[in-house]
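Q: My questions are about this predicted structure, shown below with the sequence.
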Amino acid sequence: MLEYAMPLKIALLAGSALMIAGPAFAQDAPSAPVTDSAAASADQGHDVIVTAPFRQSETDVLSGTSVVSGEELTRDLKPTIGETLAKQPGVSATSFGPSASRPILRGFQGERVRVLTDGIGSIDVSNTSVDHAVIIDPLLAERIEVLRGPSALLFGSSAVGGVVNVIDTRIPRAVPAKGYRLDGIATYGSAANERSGGLAGDVAIGEHLVLHADGSWSKSDDLHIGGYALTEQRRQEAIATSKLPAAPPVPGEDPIDYAANAAIRGTLPNSAAETWTAGVGASIITDTGSLGISYSHYDSLYGVPIRYATLPDQGQEAPRLDIVQNRFDLRGEVSTGGGFLDKIRIRAGHATYRHFELEPDGAIGTAFYNNGTEARLELVQAKKGAWLGASGVQYFNRVFDVVGDEAFLPKNETNQTGFFTLQQLDMGAFKAEGGLRYELTDVAARTPLGDERFFAGQRHFEALSGSIGASYGVSDAVRIGLNLSRTERAPSAEELFANGAHAGTQAYELGNPDFTLEKSWGLEGTLHAHGNGFSFDASAYYNRFTNYIAEIQVAQSVCEAAAAPSGRTVEFPCFQSVQTDATYYGVEAEASVLLAQVGSYKINVDALGDYVHASIVDQGPLPRIPPARVLGGIEAQGDSLNGRLEVEHVFDQNRIAAFETPTNGYTMVNASIGIKPFGAGNKTMLTISANNLFDVDARRSASFLKDFAPLAGRDIRATLRFSL
């Protein structure tokens, strides 16, 4: 591993952090697992944001937040985290087919969004390319939280877009009241003939030891779509190409039938998938703390929708990805008994990951290997009057290697150490918060001697990020807040060292080892209004970047010059990472109102909307930005029966980069009914939902595959969830 030269200012900062002590994942472990009743309190503004510092209510967090749990999680559950969260304000998804869809937060994706499992990174390569799945199974999620804005920086400087934290029960947090606990879920989805299920259970051995086991399985066929696979523009290209004289056949390759490509409709070829997971865990739980460990295995084989050829000389592939991850986790907490410190927490994870990109005959084309370790130590202060806080240190190591003819990166290693603190003054109506993070990053390209494809050497970065904010309770029901943040982010290995063809995105990707820190100023205003029968939450934000790292299409000659020393050819469009100035601004809001009480049923109406505008300064739009969106619903809530009807409208996206195509808007209608067949007091629930009722052709503008792979068509889903 790389050695750090610890400068004096690091030692000073670390010392001051230990003296004034703010958490990154300062999660007060609840005395029992989060329950549906706790999640239901969100409507009254009392939901606890465990990802946020100090176990605050969502109305107290000084940035935009979302929580998905209980019945809402069951209703919105999809095979990927991105699609599961896509109805939350400010959230979209990369939608690279039904098996690889990562969350997009406020228009940010990839390196600028951290996806966590119980506070630690997913330790995969989903940030490297959109065709790589996030290695977290939504079937086993108990709760998913989305944290946006300055507080997300507590999890790393790369989280400027936000944090998605998936909370499961793999490391038990409490001794089951009955001595055991068993949760189960089974789902069927008609759009892909999806069959899936999961089980998770705990059993107490004596007074303090709790054992855990879980597993899940999911299998789906090719996805049903609500029209043609290709957009009208691509279809016309393919039809026109089919009328040209046929090119001479290439030995060993089947000729491309362009007319057949244009005619594909109703089903998305090469989108089937099968995934299974298994995990075990154990915790020792006492009155003063807990210590737990777990092991999990993830195994998946899925197809990536085909980017069909529509013009002469284009190729097309039907890639499949074979993924395996083995992971170990540790979580511990101890109460110190008061004084200056209240709790000490530790959280760590280590995973070995590999995936093979398979050729049509099953041969391995390119192999990706990733070994990663992440750990956090947090010192949580005891509250002293109005003052509370916490500090800590975070360590991250990743060794990443791509092997094969299409390797676009050298073997590389990233080492990162971050020191952080967050302090808060809680004076009732007025609350103030300040945070600081100092981060050292070393990124090394382990290029063998004589290999002229890639840069060889290493880069060192020191980044300092901070935020300050305040909120004021105008009344018991209304709180307003304002945050100012300054962030610095070290470039990733992919942004520094890429130099090669990447089949997943059909691009020749070219990085720059001379990049400097990406820096930004951010301003965010928040409004929370929660009262008897109503709630309203809104955020408006503005970010100004210098040295923003953007991937733009450039002349083929740029990539040809980079490929020339190794004798490679450039067959894909040339995309180069550059540093420039950029701006992001936008708004997101959601509201709910109790419309009426009809017998034992509450009739609620709700709505949300979001909009983001992103540009390269003095040049034009940044690519793959979600358009404006509104969603409205009406819901009848009873003790044992719920019903919901909602309409989502996504507007056209015509504000695009030069190499993009416009994306048509769409309107999608969804409906669901939830039944507790054994009464309100029983946790067994059957949810039947109909998504995209009218089978519309819907495409996300942020997707690399939007011209070739629409979203699912009509999908009737049945989900049974129980808890014993």
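A: Alright, I've got the coordinates.

Q: Now name the helix or strand holding A562.
A: helix 556-563 (DSSP states H and E).

Q: Do me a favour and average the pLDDT over that helix.
A: Averaging pLDDT along helix 556-563 yields 92.

Q: ok, residues contacting that helix?
A: With CB atoms under 8 Å, 6 or more residues apart in numbering as the test, helix 556-563 has contacts from 499-500, 508, 510, 569-570, 573-574, 576. C-beta coordinates here come from the backbone N, C-alpha and C atoms, glycine included.

Q: residue contacts, R234?
A: 262, 308, 310, 707-708.

Q: most neighbours, which of these?
A: Counting neighbours by other CB atoms under 10 Å, T310 leads those with 25 neighbours.

Q: hmm, back to that, may I ask which of the contacts of helix 556-563 has the most neighbours?
A: Greatest neighbour count in these, by other CB under 10 Å, goes to Y508: 27 neighbours.

Q: Verify the stated contact: T51 with E145.
A: Yes. Using CB atoms under 8 Å, T51 is in contact with E145, at 4.5 Å.

Q: And those two? Which one has more around it.
A: Between T51 and E145, counted using other CB under 10 Å, the more crowded position is T51 (31 against 23).

Q: buried sites along the strand ranked longest in the chain?
A: Ranked by residue count, the top strand of the chain under DSSP state E comes out as strand 574-598. For strand 574-598, the neighbour count (16 or more other CB atoms under 10 Å) marks 574-580, 582-592 as buried.

Q: After that strand, which helix or strand is next? Please name it.
A: strand 601-616.

Q: and whichever helix or strand comes after that following strand, which strands flank it?
A: Proceeding N to C from strand 601-616, the next assigned helix or strand is strand 620-621, under DSSP H and E. Strand 620-621 pairs in its sheet with strand 601-616 (antiparallel), by DSSP bridges.

Q: Relative to Y188, how far out is the residue lying farthest from the centre of the chain?
A: Distance from the C-alpha centroid of the chain peaks at P245, with 45.9 Å (CA atoms, centre = their mean). The gap separating P245 from Y188 is 48 Å, by CB to CB, to the nearest Å.

Q: Ok, E488 next?
A: Shown here: E488 relative to Y188, a distance of 47 Å by CB to CB.

Q: More neighbours: which of those two?
A: Ranked by neighbour count (other CB under 10 Å), E488 and Y188 place E488 first, with 22 against 15.

Q: Hmm, W521 and that one touching each other?
A: No. Counting by CB under 8 Å, E488 does not reach W521; the two are 10.8 Å apart.

Q: Can you read off the backbone torsions of T74?
A: The phi and psi values for T74, taken as degrees, to the nearest 10, are phi -60, psi -40.

Q: surely it meets R717?
A: No. Contact between T74 and R717 fails when scored by CB under 8 Å: they sit 10.0 Å apart.

Q: Three-state assignment for the closest residue to I104 other than its chain neighbours, please.
A: Leaving aside its sequence neighbours, I104 sits nearest to S92 (CB to CB, 6 or more residues apart in numbering; 4.2 Å). Secondary structure state of S92, per DSSP: H, G, I helix; E, B strand; the rest coil, is strand.

Q: Poorly predicted segments of this structure, please.
A: 1-49, 52-63, 149-150, 252 (pLDDT under 70).

Q: Which residue ranges of it form helices?
A: Under the criterion DSSP state H, helices of the chain are mapped to 8-20, 36-40, 70-76, 81-84, 232-242, 258-263, 493-497, 556-563.

Q: about what we covered before: mutual contacts of T51 and E145, please.
A: Contact with both T51 and E145 is made by residues N165, according to CB under 8 Å, 6+ apart.

Q: what's the neighbour count on D257?
A: Neighbour count for D257, taken as other CB under 10 Å: 12.

Q: Let me see the contact set for it.
A: The contact partners of D257, by CB under 8 Å, 6+ apart, come to S242.

Q: Please repeat the previous calculation with a cut-off of 7 Å.
A: For D257, no residue meets the contact criterion (CB atoms under 7 Å, 6 or more residues apart in numbering).

Q: What of R437?
A: Residues near R437 by CB under 7 Å, 6+ apart: 153-154, 157, 418, 420, 465.

Q: how about these in TSV, adding distance to G339 and neighbour count?
A: Shown next, in TSV, are those (distance: CB to CB, whole Å; neighbours: other CB atoms under 10 Å):
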residue	distance to G339	neighbour count
L153	29	32
L154	24	31
S157	32	23
G418	26	23
F420	22	26
S465	30	25
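
Q: Pipe those residues into a markdown table and attach distance to Q553 per row.
A: Listed next are the contacts of R437 as a markdown table, based on distance: CB to CB, whole Å:
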| residue | distance to Q553 |
| --- | --- |
| L153 | 31 |
| L154 | 35 |
| S157 | 28 |
| G418 | 34 |
| F420 | 37 |
| S465 | 31 |
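
Q: Among those residues, which one sits closest to G201?
A: Using CB to CB, L154 comes nearest to G201 of the contacts of R437, at 32.4 Å.

Q: So the closest one is in contact with L422, correct?
A: Yes. With contact defined as CB atoms under 7 Å, L154 reaches L422; the gap is 6.2 Å.

Q: beta partners for the residue nearest to T526 when sequence neighbours are not counted?
A: Once flanking residues are discounted, T526 sits nearest to G481: 4.2 Å by CB to CB, 6+ apart. Judged by DSSP bridges, the bridge partners of G481 are S471, T526.

Q: Run a quick neighbour tally on G481.
A: Using other CB under 10 Å, G481 is surrounded by 23 other residues.
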